[in-house]
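> please find the sequence and the predicted model below.
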Amino acid sequence: MISFAKERQDVADMCRTLADAGYFAGTGGNLGLRLNDKLMAVTPTALDYYLIHAEDVVVLDIDTLTVVEGERTPTVEKALHAAMLKAHPDHGVSIHTHQPVASAVALSHEVLPWPAGTDRTGLGPHIAVIPYRPSGTGMLAKVFRKNLRSDINAYLMASHGAICSAPDFQAGLGVIRKIDAAAAAFLRERLEKRANLDKQLQASLLNTLNKIELMGA
Ligand SMILES: [Zn+2]
């Protein structure tokens, strides 16, 4: 019998939910779940999301990042999840995605406003930007900790992806959708200004972005 079996199964299930929705691309994306004051569960590194079982989910000490239980190697971004959970003591989950629309906008290295009308309860003033550092490195963890704010729980990681925290996985999925909707609104605004764009292409792109915005509304 493994410890935290239910919580670790929840992590495995959430991986499949995010992979099905296209927010986890290939093996890109990982997450952390707070288990108690000292421990968190994280995804294993480089394992197909559809093959992850509860026992593959690794239990770590939040402060030292040492493995407490599990045979697998924990995600290379474990330090980001630990920092996120520490900065947001009321939140139970930290989710890092390579969600396509937000990741595209993350190439611009710009702070992303929440679109007018977004319910910003618990979201903070905007989606902040973490300066680029290579993924899975101590440099990224360091710059992430430096830019973390307790009142902001959604971030674009420049030229990489997105990360957010939330009270639980269900709420986290809502934040991920809102990040994508904000990114879609950002792209739509730019597209609408491109008068020289082929009209058919413009209409089809706007249609795609509208659908993403509706999902996050
Ligand atoms: Zn990543």
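Nice, thanks for sending it over.

> need the nearest residue in space to L187, chain neighbours excluded.
L209 (5.8 Å; CB to CB, 6 or more residues apart in numbering). For the C-beta atoms, the positions are set from N, CA and C on the backbone; glycine is no exception.

> could you count how many residues lie near the one you found?
Applying other CB atoms under 10 Å, we find 22 other residues in the vicinity of L209.

> now L214
Other residues close to L214 by other CB under 10 Å number 11.

> which element is it on?
Assigning secondary structure by DSSP states H and E places L214 in helix 199-216.

> T66 contacts L60, correct?
Yes - with contact defined as CB atoms under 8 Å, T66 reaches L60; the gap is 6.7 Å.

> residue ranges in the protein under the pLDDT threshold?
26-27 (pLDDT under 70).

> can you list the residues of it near the ion?
Contacts of the chain with the ion, taken as CB under 5 Å from the ion, map to S135, G161.

> would you map the strands across the chain?
With DSSP state E as the criterion, the chain has strands at 29-34, 39-42, 58-61, 67-69, 93-97, 112-113, 126-130, 154-157, 161-166.

> tell me the strands beside the shortest one, with direction?
Okay, so that is strand 112-113. strand 126-130 (antiparallel) (DSSP bridges).

> more neighbours, T66 and L60?
Remark: of T66 and L60, L60 carries more neighbours, 24 against 8, as counted by other CB under 10 Å.

> mind listing what the more buried one touches?
L39, M40, A41, V42, T66, V67, V68, P74, K78, A82 (CB atoms under 8 Å, 6 or more residues apart in numbering).

> who does it form a beta bridge with?
M40, V67.

> where's it relative to H81, distance?
L60 is 9 Å from H81, where distance means CB to CB, to the nearest Å.

> cool, and F24?
Applying CB to CB to F24 and H81 gives a distance of 14 Å.

> nearest residue to R145 other than its sequence neighbours?
Counting by CB to CB, 6+ apart, A83 is the residue found nearest to R145 once chain neighbours are left out, at 4.9 Å.

> hmm, I was thinking of I130
Counting by CB to CB, 6+ apart, I130 lies nearest to M157, which is 4.7 Å off, once chain neighbours are set aside.

> roughly how far does Q99 sit from H160?
Counting by CB to CB, the gap from Q99 to H160 is 11 Å.

> comparing these two, which residue is more hemmed in?
Neighbours were counted for Q99 and for H160 using other CB under 10 Å; Q99 has more, 26 against 20.

> was I right to think the more buried one contacts I176?
Yes - using CB under 8 Å, Q99 is in contact with I176, at 6.3 Å.

> identify the contacts common to these two.
Contacts common to Q99 and I176, judged by CB under 8 Å, 6+ apart, are Y23, A162.

> for this protein, what's the longest helix?
helix 169-192 (DSSP state H).

> for it, list the C-alpha coordinates in CSV.
Extracted in CSV, the C-alpha atoms of helix 169-192 (Å, rounded to 0.1, in the frame of the first residue of the first chain):
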residue,chain,number,x,y,z
PHE,A,169,-7.3,20.9,-9.6
GLN,A,170,-10.8,21.9,-10.7
ALA,A,171,-10.1,25.5,-9.9
GLY,A,172,-6.7,25.1,-11.6
LEU,A,173,-8.3,24.0,-14.8
GLY,A,174,-10.4,27.1,-14.7
VAL,A,175,-7.3,29.3,-14.3
ILE,A,176,-5.6,27.5,-17.2
ARG,A,177,-8.7,28.2,-19.4
LYS,A,178,-8.7,31.9,-18.3
ILE,A,179,-5.0,32.2,-19.2
ASP,A,180,-5.6,30.8,-22.7
ALA,A,181,-8.6,33.1,-23.1
ALA,A,182,-6.5,36.1,-22.1
ALA,A,183,-3.8,35.0,-24.6
ALA,A,184,-6.5,34.6,-27.3
ALA,A,185,-7.8,38.1,-26.6
PHE,A,186,-4.3,39.4,-26.8
LEU,A,187,-3.7,37.7,-30.2
ARG,A,188,-7.2,38.7,-31.5
GLU,A,189,-6.5,42.4,-30.8
ARG,A,190,-3.3,42.2,-32.9
LEU,A,191,-5.0,40.2,-35.7
GLU,A,192,-7.8,42.7,-36.0
